[in-house]
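Participant: here is my input; please provide its structure:
(chains A and B)
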Amino acid sequence: MLVNMAFTDEEEKKIDELLSRGIERVYPSKEEAKKILLSGKKIRVYLGIDPTGKEIHIGHSVVLLFLKRLYEAGHIPIVLMGDFTARIGDPTDKDAARKQLTAEQVRKNMATYWDQISKILDTDKVEKRHNAEWYEKMDLDNFIRLASEETVQQMLARDMFQKRMKNKKPIGVHEFLYPIMQGYDSVALDVDGEVGGKDQTFNMLVGRDFLKNHKKREKLVFATKLLEDPVSGKKMSKTEGNLVSFNDLPNEMFGKVMSFPDEMILAIFECATEVPMEHIQEIKKGMNEGENPKDYKLELAAELVRMYHGEKEAKKAREEFERVFSQKKLPEDIGEYKLKGNTDLVDVMVDSGLAKSKSEAKRLIGQGAVAINGSVEKKWDREINPGDVMKVGVRRYIRIS
RNA sequence: GGGUCGGUGGCAGAGUGGUCAAUUGCACCAGACUGUAAAUCUGGCGGCCUUGCGCCUACGAAGGUUCGAAUCCUUCCCGGCCCA
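Facilitator: Okay, the predicted model is just below:
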């Protein structure tokens, strides 16, 4: 009846962090979830990932770190690769190209996904599943029966569809199929819970309904926060250009973090790192007391690079950043370009990839964006010689050989 | 199946015969500013060069009318809405 008292304060604290850090909302409620997590029973919670081939980025960190905390607390995380659903495309991600992925592509993607996930958690402690396991065998009649458990009204209630109805934008019938399939995953896996971004809430709740219908049991739904710019309200995404991928090189990663708006510092610390919450509170306090957010952002950038590339690389990236941007010196490693053919400035810019076309190169030159050996060059027919160092914009350098 | 409205640059969305390579916003690039940013301001944002008020390619696709078409006509493809 009551919570099993065999749990220490330490363990309870862990559960509290599991239920709050990076978490937007828990269904049916945090209290209910806590009761179950502390009941002594090992529960199984899954995360669904569609191996569409995109890189895994720090927006995924929240859910992955959740899984890590889950096994640290003695429960069982499952990662479900949506190798079958990847072929449909989740309408939640409206940019998702609807290209048909071949089985071979999906297999390759999955391999790189595991590789990237292992940077956050120990994949040996995770149950690995694929939804092709059950969908490849499912008959049409079974599927239709499944579909009949949801109503069109329920589907249309989804905010995304509401919006599209309002804007008179098309809604594909297949877009109704996706939540149904994702929902059935819960039944097939026979899980106790699911974790996903808050944009997945609808899909996750469909699974909750299905589990009630099929197995007469409750499913916990953990909807995590999304990393979004608190000012513009925009979700971080690849098109915004500032998305940090697990595979980013150290310097690139460091620079991207430094270009985040200050307002995101706390949220990223909370959602994408394992820095203790106590320390994050101190940072919050520090910033409120007027300390320079830049210093905390440097710390954040270093921490993220450390997570994916190790202590040494993090230190190097930080030094590099301070050298190039704070002291405006040349970066340590500059790409080389071997002169060939025309040696006019414009031609060299195009050939070396500093500009996409001659028109663009000329524009940049006209804007004073191009410097050779430290001084701005405005003549586009200026001759380039081996040994020259060219700079375009703030961060693109190239050394001529 | 019928009716009707529409398909424009990365996106959103103007433009309805010439001055349209196409208003504007977002995104993007550069410059200024700065504490790295953000915000702001300024400029740019199809390509090519002999840099001209030049040439080529572009407004769903293919044809046609016209001195001239994103704009008009025909057919086709795709979509929204309404009716069945």
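
Participant: count of residues packed around the residue in the stretch 301-401 of chain A that RNA strand B sits nearest to?
Facilitator: Of all residues in the stretch 301-401 of chain A, A:G393 sits closest to RNA strand B, at 2.3 Å by Cβ to the nearest atom of the strand. In short, each C-beta sits where N, CA and C put it, glycine included. Using other Cβ atoms under 10 Å as the criterion, A:G393 is surrounded by 12 other residues.

Participant: and it, what are its phi and psi?
Facilitator: phi 70, psi -150 (degrees, to the nearest 10).

Participant: contacts only, for it.
Facilitator: Shown in contact with A:G393 (Cβ atoms under 8 Å, 6 or more residues apart in numbering): A:364, A:369.

Participant: distance of it from A:L364?
Facilitator: In this view, A:G393 and A:L364 are 8 Å apart by Cβ to Cβ, to the nearest Å.

Participant: kindly export the helix or strand hosting A:R318 (C-alpha atoms) in CSV.
Facilitator: Using DSSP states H and E, A:R318 sits within helix A:311-321. In CSV, the C-alpha atoms belonging to helix A:311-321 read as follows (Å, rounded to 0.1, in the frame of the first residue of the first chain):
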residue,chain,number,x,y,z
GLU,A,311,39.0,16.8,-21.2
LYS,A,312,42.0,17.5,-23.4
GLU,A,313,40.1,18.6,-26.5
ALA,A,314,37.8,20.7,-24.4
LYS,A,315,40.8,22.7,-23.0
LYS,A,316,42.2,23.1,-26.5
ALA,A,317,38.9,24.2,-28.0
ARG,A,318,38.6,26.8,-25.2
GLU,A,319,42.1,28.1,-25.8
GLU,A,320,41.5,28.2,-29.5
PHE,A,321,38.3,30.2,-29.1
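
Participant: buried residues in the following helix or strand past it?
Facilitator: Going down the chain from helix A:311-321, the next helix or strand is strand A:335-337, by DSSP H and E. Under the neighbour-count criterion of 16 or more other Cβ atoms under 10 Å, strand A:335-337 has A:Y337 buried.

Participant: show residues contacting strand A:335-337.
Facilitator: Residues external to strand A:335-337 that are found in contact with it (Cβ under 8 Å, 6+ apart): A:348, A:351-352, A:397-401.

Participant: what about those residues, which are in strands?
Facilitator: Counting by DSSP state E, the part of those found in strands is A:397-400.

Participant: of these, select the buried ones using a PyMOL command.
Facilitator: Burial among the ones in strands among the contacts of strand A:335-337 is assessed by 16+ other Cβ under 10 Å; the matching PyMOL selection reads:
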select buried, chain A and resi 397+398+400
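
Participant: from the ones in strands among the contacts of strand A:335-337, which two are the most distant?
Facilitator: A:Y397 and A:I400 (10.9 Å; Cβ to Cβ).

Participant: ok so, going back, pLDDT wise, what is the residue of the stretch 301-401 of chain A closest to RNA strand B at?
Facilitator: pLDDT for A:G393: 87.

Participant: just confirm A:V126 contacts A:V79, I think it does.
Facilitator: Yes: the criterion here is Cβ atoms under 8 Å, and A:V126 meets it with A:V79 at 5.2 Å.

Participant: shared neighbours, those two?
Facilitator: A:L67.

Participant: follow-up on the earlier one: what packs against the helix holding A:R318?
Facilitator: helix A:250-258, helix A:293-309 (3 or more Cβ pairs under 8 Å, 6 or more residues apart in numbering; DSSP states H and E).

Participant: how about the helices in the stretch 101-250 of chain A?
Facilitator: A:103-117, A:132-135, A:140-147, A:152-156, A:159-166, A:174-189, A:201-215, A:250-258 (DSSP state H, counting those that start in this stretch).

Participant: so does the next helix or strand after the last one get close to RNA strand B?
Facilitator: The reference is to helix A:250-258. Later in the chain than helix A:250-258, the nearest helix or strand by DSSP H and E is helix A:265-272. No: looking at helix A:265-272 against RNA strand B by Cβ under 7 Å from any atom of the strand, there are no contacts, and the closest approach is 9.0 Å.
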